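In: here are the coordinates; sequence isn't available:
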C-alpha cells in the first residue's frame with residue numbers, strides 16, 4: 001500500500017493549533033490594555049474647608065451677642081416693673097389685759113338693758129395709721145365707730161354682766177334673761193352693739 005503524504009497531517013495539526021494561537025494573542029492584547037481609571041472620590045479635606053471652622057464661629061458669637069440674651073433681659077425688666085409695692089398695715093390692741101368690752105344695749109320705750117362681756121384681749125388691723133392724739137384711755141373707744149377695718153378678733157371672753165332698769169321686777173328680769181335675741185326683737189326690743197377698747201392702746205406695724 002502506498003504511504004499517505006504527511007502534509008495532510010501537518011495541515012490538520014496546523015489548523016487545530018490556530019485557535020489556540022488566536023486565544024493567546026487575545027490574552028496578550030488584554031494584558032497590554034491599561035487598567036480602567038476609576039473616578040477618584042473628592043477628598044474629604046475639601047468638604048472640611050467649605051465648613052466654617054469652630055474658631056470663626058466663636059469669633060462671630062463674641063462679636064455679636066445672641067438675641068436670646070436680649071429678650072431675657074427685657075422679660076426680667078418687665079417682671080420687675082410689674083411688681084406691686086408692699087402695703088403697710090397696723091395692728092391696734094389694748095396694752096392691759098381684760099380691756100376689751102363687748103356691749104349690747106337693748107331698748108324698749110323708756111327701758112334700757114345693758115349686757116356687757118369682757119374679753120382678755122383683742123385686736124384690729126387697719127391700713128392707715130390712725131391719729132390717736134385725742135384718745136382718752138379712761139373713756140376708751142368704740143372701734144366700730146372710730147376705725148375702718150376688715151379684720152378683727154376678740155379672745156377669751158369671760159365675765160358677763162347685765163344691768164336692768166329699776167322699774168322692772170326681778171321676775172321679769174329673769175324671764176328676759178332666758179329669751180334669745182330673736183325673741184326679744186319679737187317683743188319689741190331693739191339692740192345697739194358696741195365693742196370698746198379701754199386703757200392705753202398699742203399700735204404695731206405688721
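Out: Sure thing, it's come through. None of the values given here were measured: they were computed from a predicted structure. Residues are numbered from 1 along each chain as shown.

In: hang on, residue 157 in a strand?
Out: Yes: assessed with DSSP: H, G, I helix; E, B strand; the rest coil, residue 157 lies in a strand.

In: check it and give its pLDDT.
Out: Residue 157 is assigned a predicted lDDT (pLDDT) of 86.

In: neighbours of it, just the number please.
Out: 13 (other C-beta atoms under 10 Å). All C-beta spots, glycine's among them, are computed from the backbone N, C-alpha and C.

In: what of residue 172?
Out: Counted with other C-beta under 10 Å, residues neighbouring residue 172 total 11.

In: what's the distance between it and residue 123?
Out: 38 Å (C-beta to C-beta, to the nearest Å).

In: looking at this protein, which strand is longest?
Out: Ranked by number of residues, the top strand in the chain under DSSP state E is strand 111-126.

In: from the contact counts, what lies against it?
Out: strand 90-94, strand 100-108, strand 151-163 (3 or more C-beta pairs under 8 Å, 6 or more residues apart in numbering; DSSP states H and E).

In: so which bits of the longest one are buried?
Out: Neighbour-count burial for strand 151-163 flags 152, 154 (criterion: 16 or more other C-beta atoms under 10 Å).

In: quick one: low-confidence parts of the protein?
Out: 1-86 (pLDDT under 70).

In: can you give me the helices for it?
Out: Ranges of helices within the chain are 7-32, 44-50, 54-63, 67-82, 143-146, 170-178, 181-186, based on DSSP state H.

In: rewinding a little: among the helices and strands packed on strand 111-126, which is nearest residue 196?
Out: strand 100-108 (4.9 Å; C-beta to C-beta).

In: flag every buried residue along that closest one.
Out: Buried residues in strand 100-108, counting neighbours by 16+ other C-beta under 10 Å, are found at 100-102, 106.

In: if we can go back for a sec, just want the angle from the longest strand of the chain to strand 90-94.
Out: Between strand 111-126 and strand 90-94, the angle comes out at 140 degrees (axes from the mean of the first three to the mean of the last three C-alpha atoms, to 10 degrees).

In: got the buried residues for strand 111-126?
Out: In strand 111-126, counting by 16+ other C-beta under 10 Å, buried: 113, 115, 117-119, 121-124, 126.
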